[in-house]
Structure formats: C-alpha cells, structure tokens
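> Take this sequence and fold it.
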Amino acid sequence: MFELIYSSVAVTALNGEELELLLGRSRHHNEVNGITGLLLHLYTDSTRSAYFVQLLEGARAAVEQTYERITNDELHSDLQVLSRGESSGRAFGDWTMRLEEISVDRLQPVGGGDQGRPVAQIVRDPETMGRLIRQYQDRAGLDRPA
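Okay, here's the model as predicted:
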C-alpha cells in the first residue's frame, strides 16, 4: 500500500456547499481508482485563509496520478508533499474520501509547541500534520460510513 500526504493553500475559502461538491468529485474519482483517504480543510476565521492537508492511499501509480491531477487543480496553490512511501495497510479503508473541517484553533493542542507559529508553517510540518491525521485514523473504526 502506498501513502502520500500533502498540504496546499486553498486559493479561496470554500463554503460548506462548495466543499461538498469537491468531496463528491473526489469520492467518485477515488472509487474508480481504488484510492481512500482523508481531506482536512483547515481555515481561519480572522483572515479567511484556508489550507488543505490530504492523505491519499492506494496503489502507487493511482496515488501519484491523483496527486499530479491535484497539482493542476485551480483550487490549490503552493503544494508541498509532507510524506510519501509504503505503508503497512489502509488507514481509511472504507472511506473513498473523508472530509474534516477544522478551525485553526483546534490545531494548537495537536502540535504541543505550535503556539505562536503561523498557521502556514504549522500545516507544512509533517510531524504535526501526521499527528492530526492519525487522530482521525484512530477514530475511523468508530464512525465508518453505513
């Protein structure tokens, strides 16, 4: 199993309806290509800025092709791969794509020493984002889709 985690700056802050449309397209594409994963939409209320952090998992070729498609998507800018490599298995096996919207305020407890760091720096930190993703992985078995 291959896993890729990236972060990006959202070109525009998306509302709930726009995120649902994005999620629907992602789920369809991922189902066709055997990809599962998690999409975090991190936003700030004060500056209306937003970021994406996404974990994609599946066959290496499918994951890499999906990431390449995302790099050409106009919703994203300043993409950065946080990690890429083989994993022991799927972390989100029942989720063609799970979406979590997170206020930046919720990031503070995750990173421990992140207080005072700019959000743009926090979402680029592989350790901090890895811990955040793993929190959702730990909960995935409790709230799988019906």
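> Could you pull out the strands in the chain for me?
Taking DSSP state E as the test, the strands found in the chain are 2-10, 36-43, 50-58, 76-86, 98-103.
> residues of the last one that come out buried?
Of the residues in strand 98-103, those scored as buried under the neighbour-count criterion (16 or more other C-beta atoms under 10 Å) are Arg98, Leu99, Glu100, Ile102. In this view, the C-beta of every residue, glycine as well, is placed from N, C-alpha and C.
> what's the most buried one of the strands of the chain?
Most buried of these by mean neighbour count (mean count of other C-beta atoms under 10 Å) is strand 50-58; its value is a mean of 24.
> relative orientation of it and strand 2-10 in degrees?
160 degrees (axes from the mean of the first three to the mean of the last three C-alpha atoms, to 10 degrees).
> strands paired with strand 50-58, and their directions?
The strands that strand 50-58 pairs with in its sheet are strand 2-10 (antiparallel), strand 36-43 (antiparallel) (by DSSP bridges).
> To Leu82, which of those strands lies closest?
Comparison of the strands paired with strand 50-58 against Leu82 by C-beta to C-beta identifies strand 2-10 as nearest, at 4.5 Å.
> Return stretch 33-42 as CSV; C-alpha atoms alone will do.
Written as CSV, here are the backbone C-alpha positions of stretch 33-42 (Å, rounded to 0.1, in the frame of the first residue of the first chain):
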residue,chain,number,x,y,z
ASN,A,33,-9.1,4.4,-8.9
GLY,A,34,-9.1,2.4,-5.7
ILE,A,35,-8.0,5.3,-3.5
THR,A,36,-9.1,6.0,0.0
GLY,A,37,-8.1,8.8,2.4
LEU,A,38,-8.7,11.9,4.4
LEU,A,39,-9.1,15.5,3.4
LEU,A,40,-8.6,18.2,6.1
HIS,A,41,-9.9,21.7,5.3
LEU,A,42,-8.2,24.0,7.8
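> Looking at that stretch now, give me its mean pLDDT.
Confidence for stretch 33-42, expressed as mean pLDDT, is 92.
> now do stretch 95-104
For stretch 95-104, the mean per-residue pLDDT is 84.
> I am finished for the moment; much appreciated.
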